[in-house]
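Enquirer: Fold the following.
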Amino acid sequence: MTRKPDLTFVTKHWLLKLLSLLLSASLWYFVVAEDRLDLTVTIPLELRNLPSNLVIGNQYKKDIEVVISGPRRLIQEMRQQNISRPVDLSKAEPGPLVVKNDEDSIHLPYGITVQRVQPANITLLIDRLARKDFPIIPVTKGKPAAGFELESLTLNPPQITVSGPQAMLEKENILKTSVIDLDGIDKSGALQAHLTLSEALLNLIGETVIEANVTLKEIMLKKIVRGIPIDGKSIDATAKFSPATVAVEADIPERLVQITPELSSLFQASAGPPPDKGGSEVLVLVRAVTPPGHSPIVIHAVTPDKVRLQP
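Expert: Next up is the predicted model:
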């Protein structure tokens, strides 16, 4: 008689055995069967411990591309972390320094491997940190409006101080502004001007704007104006003089000359104090009448400076 196989060992504690099977399957999934990714990520280069008297003197690639491989879950967690490529510069000295990027230079979570790093090398030019004052030279074009001339142009600030690599700063002595257009301006004021910088200085200090203070003055013409009548009211309302008019030599704004038909109207002449007893000559006092919006008229000479009071 054939005996049936004893299957009690299978059915005995079947619930525990089912749980063990499920746990084993889950463990296998997470360890073996979980999706793996090959992914390219960008990792920043982190320079550490650079001595305070040194500086990086060149433009260098600040990020590296790393091809990594690992379980999807670990890579997703890694991307939430601040992973960088640290470079210790505590022992750096002036001169070129080659930073080698290999698989061992980047520290990633366990389970993620580095497949490739680009670029493989980065060159840093270590230089001494220097400080230099640069005077600024204004660059202008054009002329002010008719009747005006440039009296002064001052910059604020007149110079700037730049800190940076010694070799770079030694190549420059002065800085210039962008072109300041003076064409047709008719009043003083402040204008904005950019500095014209070399690429190296532009990368070092960025766009820089300064203030150009422009001061204009009217062009003055030297004129001799005749036929200015003498007012004798200070002596006697009926007083008469010989000669009855005087001439003045004066600097008059060009624009005022162009719009004034009779230049003698710009001056007022009066007789001075009455003459002493027995005298007949009096001083002539002349003052200029400058309309608003113009530079003051400057009187140099009055001819004659004395006139005879007629009896």
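
Enquirer: So residue 81, which state does it fall into?
Expert: coil (DSSP: H, G, I helix; E, B strand; the rest coil).

Enquirer: Need the pLDDT of it.
Expert: On the pLDDT scale, residue 81 is placed at 83.

Enquirer: Would you mind listing the residues in contact with it?
Expert: Residues near residue 81 by C-beta atoms under 8 Å, 6 or more residues apart in numbering: residue 109. No exception for glycine: its C-beta is placed from N, CA and C like everyone else's.

Enquirer: do the same with residue 309
Expert: By C-beta under 8 Å, 6+ apart, the neighbours of residue 309 are 232, 235, 239-241, 271, 274-275, 280-282.

Enquirer: ok, residue 213 touching residue 151?
Expert: No. The pair residue 213 and residue 151 does not pass the contact test of C-beta atoms under 8 Å, sitting 10.9 Å apart.

Enquirer: follow-up on the earlier one: right, and out of the contacts of residue 309, which lies closest to residue 37?
Expert: residue 271 (106.9 Å; C-beta to C-beta).

Enquirer: which residues does the closest one bridge with?
Expert: residue 284 (DSSP bridges).

Enquirer: That one and residue 250, how far apart?
Expert: 20 Å (C-beta to C-beta, to the nearest Å).

Enquirer: May I see the buried residues of stretch 295-302?
Expert: 295, 297, 299, 302 (16 or more other C-beta atoms under 10 Å).

Enquirer: Okay, and which of the residues you listed map to strands?
Expert: Judged by DSSP state E, the subset of these located in strands is 299, 302.

Enquirer: now, which of the buried residues of stretch 295-302 sits nearest residue 289?
Expert: residue 297 (7.9 Å).

Enquirer: Chain neighbours aside, what residue packs nearest to the closest one?
Expert: residue 288 (3.7 Å; C-beta to C-beta, 6 or more residues apart in numbering).

Enquirer: Over to residue 195?
Expert: Residue 195 sits nearest to residue 208 (C-beta to C-beta, 6+ apart), 4.5 Å away.

Enquirer: In contact with that neighbour, which residues?
Expert: 160, 194-195, 197.
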